[in-house]
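[1] sequence first, predicted model second:
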Amino acid sequence: MSRFNLKSIDGLLFDLDGVLFVGDDLVDGAVETIDYIKGKGVPCRFLTNTTTRSLDALYQKTSRLGLNIEKEEIFTPPKIAARYLRKRGSPRLLLVLQESTKQEFAGFPQDDVNPEVIVIGHYSDWWNYSLLNRLFHLIMNGAELLALHKGRYWETEKGLTLDIGAFVTGLEYSTGTTAKVIGKPAEEFFRLAVEDMGLTPDKVAMIGDDIASDVGGAQLAGLKGVLVKTGKYRKEVAERSSVKPNLTIESVASLRQLL
Ligand SMILES: [Mg+2]
């Protein structure tokens with residue numbers, strides 16, 4: 001692979017959690033880096049798999065942290081899932097989501113007994129055998145499975161934490177079905193953001209802390225993948241991954257010297 005130069009890039013996609021902030025703490029230099037990139041006129045979009053808060057709440061958070069990000073520049077799985085489901089004709093939904101995320105689906109009919117689509121997002125400590133078994137029966141009876149993302153784990157103040165990809169994959173395995181995945185690493189999620197900037201994938205780089213979802217997903221969609229060593233980054237995981245980032249940098253702050 002020839003050495004990748006960020007100067008050949010016309011647009012950037014950023015993951016939020018683990019790249020610009022971890023929990024409520026900003027990554028050093030994140031605010032200044034976004035200001036610098038926007039000052040240069042480089043288009044950016046922000047792709048997060050966060051399903052723990054609504055888009056409004058997420059935007060409030062980025063604003064409170066001082067990040068120069070427009071609400072329209074943020075792509076969240078609930079926002080894109082709602083758009084996808086509306087195109088499907090507003091099917092009856094069972095929402096396995098936190099209350100704050102359910103807001104995004106307020107316009108859809110909800111049916112806990114005979115849903116057409118089961119929407120899975122972050123569900124915290126409420127996962128248990130009886131819920132999984134109930135979902136299993138609904139899927140066996142014809143309900144479709146829609147996963148807001150298929151993340152393996154993420155970084156919290158307490159360290160690495162199991163993510164919903166484990167439950168989605170378990171349900172797929174037992175039912176013999178394949179979930180429709182909305183967020184990273186789904187190719188379509190990256191493509192929507194690239195199209196929104198009016199660019200082609202080969203001229204866009206994704207900056208993320210997740211080697212599989214951010215870097216691997218972006219590369220499959222035809223983008224360049226840049227791995228940061230903040231957030232959930234772990235050296236051992238990166239070394240044994242089959243995904244090879246186009247570039248690995250210390251943190252988002254390193255971008256200022258490379259663009
Ligand atoms: Mg992340």
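    It's in.

[2] now do the buried residues in the lowest-mean-pLDDT helix or strand in the chain.
    Ranked by mean pLDDT, DSSP states H and E, the helix or strand of the chain with the weakest confidence is strand 153-156, at a mean of 84. Under the neighbour-count criterion of 16 or more other C-beta atoms under 10 Å, strand 153-156 has 154-155 buried. Every C-beta, even on glycine, is put in place using the N, C-alpha and C of the backbone.

[3] how close does residue 136 get to residue 220?
    As for residue 136, its distance to residue 220 is 29 Å (criterion: C-beta to C-beta, to the nearest Å).

[4] ditto for residue 82
    When C-beta to C-beta is applied, the distance between residue 82 and residue 220 equals 24 Å.

[5] between the two, which has more neighbouring residues?
    Applying other C-beta atoms under 10 Å to residue 82 and residue 220 shows that residue 82 carries more neighbours, namely 21 against 15.

[6] not counting its neighbours along the chain, what's nearest that one?
    Nearest residue to residue 82 in three dimensions, chain neighbours excluded: residue 104, at 5.2 Å (C-beta to C-beta, 6 or more residues apart in numbering).

[7] show me what the least confident helix or strand of the chain packs onto, helices and strands only.
    The helices and strands touching strand 153-156, judged by 3 or more C-beta pairs under 8 Å, 6 or more residues apart in numbering; DSSP states H and E, are strand 159-162.

[8] partner strands of the strand it packs on, with direction?
    In the sheet containing strand 159-162, the strands it pairs with under DSSP bridges are strand 153-156 (antiparallel).

[9] centre of the chain to the strand it pairs with, how far?
    Offset of strand 153-156 from its chain centre (C-alpha atoms, centre = their mean, to the nearest Å): 12 Å.

[10] say whether the ion is contacted by that strand.
    No. Contact of strand 153-156 with the ion (C-beta under 5 Å from the ion) is absent, the minimum separation being 6.4 Å.

[11] touching that strand from outside, list them.
    Strand 153-156 is touched from outside by 17-18, 22-23, 49, 160-163, 209-210, 231-232, with contacts defined as C-beta atoms under 8 Å, 6 or more residues apart in numbering.

[12] repeat the analysis, applying 6 Å as the threshold.
    For strand 153-156, contacts defined as C-beta atoms under 6 Å, 6 or more residues apart in numbering pick out 18, 160-163, 231-232.

[13] how about stretch 160-176?
    Under the criterion C-beta under 6 Å, 6+ apart, residues 120, 135-136, 139-140, 147, 150-154, 178-179 lie in contact with stretch 160-176.

[14] which of those residues has the most neighbours?
    For the contacts of stretch 160-176, neighbours were counted by other C-beta under 10 Å; the highest total belongs to residue 147, with 28 neighbours.

[15] ok, it to residue 52 distance?
    15 Å.

[16] mind listing the helices for the stretch 101-250 of the chain?
    Under the criterion DSSP state H, counting those that start in this stretch, the stretch 101-250 of the chain carries helices at the ranges 129-140, 165-175, 187-196, 217-220, 235-240.

[17] tell me, how many residues neighbour residue 25?
    10.

[18] roughly how far does the closest residue to the ion within the chain sit from residue 138?
    When distances are taken as C-beta to the ion, the chain reaches nearest to the ion at residue 18, 3.3 Å away. Residue 18 sits at a distance of 33 Å from residue 138 (criterion: C-beta to C-beta).
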